[in-house]
Every structure is written in C-alpha cells, then in structure tokens.
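# have a look; sequence and predicted model below, questions after that.
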Amino acid sequence: MIVEQITLENGTALGLKFEMQNAPLIVIKADKGFVMCGYLDIDMADTLGDVAVRVRGVSTFEDVLEAQVVGATQAAIDLGIDIKMNGRDALELMF
C-alpha cells in the first residue's frame, strides 16, 4: 500500500493506492469527500450520502488528478462538481 500526501491549491489530500491483481485501486480523500478509481462503487457512495466522484483508466495519483470525472454522487453534484471537470478540480471543491 502506498500512502501519499497530495498538495493542492485549497488543501492537502490523502492518496491511498493498493496494488491489486490486474490494476491498482486508488482513492484520494479531501476534507469533504473523495475521488475513487473504477474499482469502487459510486452507487453505494451515493446511497451513503458521501461526496464522491469516480474516474477510470488511472494507475497513478497524477492520473486521478488529470482524469475526467465519469460519475458523481448527488452530494458531490450539490457541492458544484460535474462530469466535465477533472479529478483535481473536483478535489479542490471538496476542501
């Protein structure tokens, strides 16, 4: 497991990366929510009321920051996040 602090304009996020069998599982958490890779379930995050967005096709923290958001919970949408932004912009709104 790799744990890394990721410095952004509005705060410092915490990145977690697990090497799985075929692709890494990556999550970057900010104060109010998180960006997840395709391994994780956006529908469950929505059911739980989390501020969460999903990106796909990532293998590094930088990939997550640059990837386009492909899914968002209602709580994330209410915060101003939409699928036109990248992971970095979504995280900035989560501080």
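Here it is on my side, so go on.

# CA atoms for contacts and neighbours, from now on please.
Will do.

# what about the strands in this structure?
Counting by DSSP state E, one finds strands in the chain at the ranges 2-7, 12-19, 24-29, 33-36, 51-54, 71-72.

# return the most buried member of those.
strand 51-54 (a mean of 27; mean count of other Cα atoms under 10 Å).

# redo the strands of the chain as TSV? Include mean pLDDT and distance to M94.
Below are the strands of the chain laid out as TSV (pLDDT from 0 to 100; distance: least, Cα to Cα, whole Å):
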stretch	mean pLDDT	distance to M94
strand 2-7	98	13
strand 12-19	98	10
strand 24-29	98	9
strand 33-36	98	6
strand 51-54	98	8
strand 71-72	98	13
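
# export those strands to CSV and tack on distance to L65?
Shown next, in CSV, are these (distance: least, Cα to Cα, whole Å):
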stretch, distance to L65
strand 2-7, 10
strand 12-19, 11
strand 24-29, 9
strand 33-36, 9
strand 51-54, 11
strand 71-72, 15
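
# for T60, which residues are in contact?
I26 (Cα atoms under 8 Å, 6 or more residues apart in numbering).

# quick one: pLDDT of it?
Predicted confidence (pLDDT) for T60: 98.

# separation between it and D50?
Distance, T60 to D50, using Cα to Cα, to the nearest Å: 23 Å.

# K32 is in contact with A90, isn't it?
No: between K32 and A90 there is no contact under Cα atoms under 8 Å: 10.8 Å.

# those two: which is more packed in?
A90 (28 against 16; other Cα atoms under 10 Å).

# ok now do the closest residue to the more buried one other than its chain neighbours, which residues does it touch?
By the measure of Cα to Cα, 6 or more residues apart in numbering, the closest residue to A90 outside its immediate chain neighbours is I81, 5.8 Å from it. Contact analysis of I81 by Cα under 8 Å, 6+ apart lists 72, 90, 93.
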